[in-house]
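Trainee: coordinates only, sequence not included:
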């Protein structure tokens, strides 16, 4: 129990004692130094860094969003381009197909014509050859016949040829004369 | 709230008195002497060591250790401990300093206000820490030094911004003096007392008186409980349940008051600095 004469009165609560002030100053100084030098700088650094990271992250997300939108737009443009290209290619192919058919038709016609012409020429040549062969055969037959008839052997080729020609000419002239209404009697 | 608790305590006192006379075993009410514990070492010198000294040193070590640990281990992705510490630091920075001074002006005063806030909070809370049981701020030295620090800060802020003359002119001669010069005769002395005495004194006394009152209420509740339970007779014993409930309530109340006083002190410090920074108010 505190003795009465030692017990402080109410006002002494508000009057600082030297020791009270001294030790208060000491503890306050310790706390202040620690907070100023050791606590707040690293904590503020961390807090600022975090805020920066979050802001950076948000900016990055916005950028990514933008890039995605850009990519989508690009893709759509490419799709449209591809569609247009496909349509164009289809049209071109159709056009080319028509062209090819027309070309084939034309070349087929040319070929047919060529084949027909060649056949015609072949026929003409054969006809010519046949005519020549026929003439020689008919000459020979006629000569043989005539020699049999006149009994004269025409051994001499030149004389034979001459005679055949004359004979044929006569025959032709006779033929012509026979064809006319005043036809004489056959030889 | 405090008044209600005070009234309730006052109602219990007559019962205490009656019980005390009946029991004959005197009840010891808390006295002012509680705040002046006997010296342990160096009695009467500047370095006197007593119970308050132990409380303050222990608190300082705990406070410093907790915050240094938090700062040392601070990571970009905080754990629970770091998140709690950060929450408190951000509370002081944003809710007190930036709220009143703005981000640009406030930046410089964040360390000071933070130190003040956590010192007061820690030294207030010791009033309900078992084993310490006395607020480090319930002796005038600490509140007084904190208040003087705030006074120096708002003087320094005002002089730095407007020069000594400009600051005194802005503080002592508010604009109303231009319209009514005679009013300056009244206003100027009031303003002078305000910036030299009233602000630091009110900061000191508000904090000190709150912590003293809180301690007295706590001691009253718990000594009364002990007395009713052990020394009072019959029906008076039942009152111990009431005083114990009161003690628990006052303990929780002290937690609130401890925080509230730290908040108010820091808020007013920021407000005084802000007033000094204003060109004219």
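Mentor: Right, received. Where do you want to start? Everything quoted here is computed from the prediction, not taken from an experiment. Numbering: from 1, shown residues only, chains lettered A, B, ... in the order given.

Trainee: hey, let's count contacts and neighbours off CA atoms from now on
Mentor: Will do.

Trainee: avg pLDDT for the helix or strand encompassing residue A:94?
Mentor: Using DSSP states H and E, residue A:94 sits within helix A:40-150. Taken as a whole, helix A:40-150 carries a mean pLDDT of 91.

Trainee: please identify the buried residues of the helix or strand just after it?
Mentor: Per DSSP H and E, the first helix or strand lying C-terminal to helix A:40-150 is helix A:157-179. By neighbour count on 16 or more other Cα atoms under 10 Å in any protein chain shown, the buried set for helix A:157-179 is A:160, A:163, A:164, A:167, A:168, A:174.

Trainee: so the helix holding residue A:94 versus helix A:157-179, what angle?
Mentor: Counting by axes from the mean of the first three to the mean of the last three Cα atoms, to 10 degrees, helix A:40-150 lies at 90 degrees to helix A:157-179.

Trainee: just list the residues touching the residue of chain B found nearest chain A, thanks.
Mentor: For chain B, the residue closest to chain A is residue B:46, as judged by Cα to the nearest Cα, at 4.1 Å. Neighbour list for residue B:46: A:18, A:19, A:20, A:22 [criterion: Cα atoms under 8 Å, 6 or more residues apart in numbering or on different chains].

Trainee: for the last one, helix, strand, or coil?
Mentor: Remark: residue A:22 carries the secondary structure label helix [criterion: DSSP: H, G, I helix; E, B strand; the rest coil].

Trainee: might one say that it is in contact with residue B:47?
Mentor: Yes - contact criterion Cα atoms under 8 Å: residue A:22 and residue B:47 qualify, at 7.1 Å.

Trainee: enumerate the residues of chain B near chain A.
Mentor: Selection of chain B residues close to chain A by Cα under 8 Å from any Cα of the partner chain yields B:32-33, B:35-36, B:44-49, B:53, B:56-57, B:60, B:63-64, B:67-68, B:70-72, B:74-76, B:86, B:111-112, B:114-115, B:119, B:139-142, B:145, B:205.

Trainee: narrow those residues to those in helices?
Mentor: The members of the residues of chain B next to chain A that map onto helices under DSSP state H are B:53, B:56-57, B:60, B:63-64, B:67-68, B:70-72, B:86, B:111-112, B:114-115, B:119, B:141-142, B:145, B:205.

Trainee: give me the buried subset of the residues you listed.
Mentor: Applying 16+ other Cα under 10 Å to these flags B:53, B:56-57, B:60, B:63-64, B:67-68, B:70-71, B:86, B:111-112, B:114-115, B:119, B:141-142, B:145, B:205 as buried.

Trainee: so which helix or strand of chain B has the lowest pLDDT on average?
Mentor: Within chain B, confidence by mean pLDDT, DSSP states H and E is lowest for helix B:2-23 among all helices and strands, at a mean of 62.

Trainee: any low-confidence regions in chain B?
Mentor: Along chain B, the parts satisfying pLDDT under 70 run over B:1-26, B:279-281.

Trainee: got the buried residues for the host helix or strand of residue B:185?
Mentor: Applying DSSP H and E as the criterion places residue B:185 in helix B:184-193. Going by neighbour count (16+ other Cα under 10 Å), the buried part of helix B:184-193 is B:184, B:187, B:188, B:191.

Trainee: which residue packs closest to whichever residue of chain A sits closest to chain B, ignoring adjacent ones?
Mentor: Residue of chain A nearest chain B, by Cα to the nearest Cα: residue A:19 (4.1 Å). Nearest residue to residue A:19, sequence neighbours excluded (Cα to Cα, 6 or more residues apart in numbering or on different chains): residue B:46, at 4.1 Å.

Trainee: separation between that neighbour and residue A:16?
Mentor: For residue B:46, the distance to residue A:16 equals 11 Å [Cα to Cα, to the nearest Å].

Trainee: also residue A:34?
Mentor: Applying Cα to Cα, the value for residue A:34 to residue A:16 is 25 Å.

Trainee: what does residue B:153 give?
Mentor: As judged by Cα to Cα, residue B:153 and residue A:16 stand 21 Å apart.

Trainee: name the residue in these two with the higher neighbour count.
Mentor: Taking other Cα atoms under 10 Å in any protein chain shown, residue B:153 and residue A:16 do not tie; residue B:153 has more neighbours (19 against 16).

Trainee: and residue B:125, what does it touch?
Mentor: With Cα under 8 Å, 6+ apart, residue B:125 has these contacts: B:135, B:254, B:255, B:258, B:259.

Trainee: ok so, going back, looking at the buried residues of helix B:184-193, which one is closest to residue A:80?
Mentor: Nearest to residue A:80 among the buried residues of helix B:184-193: residue B:191, at 79.4 Å, using Cα to Cα.

Trainee: center of chain A, which residue is that?
Mentor: Chain A has residue A:89 as the residue nearest its centroid, 7.6 Å off, counting by Cα atoms, centre = their mean.
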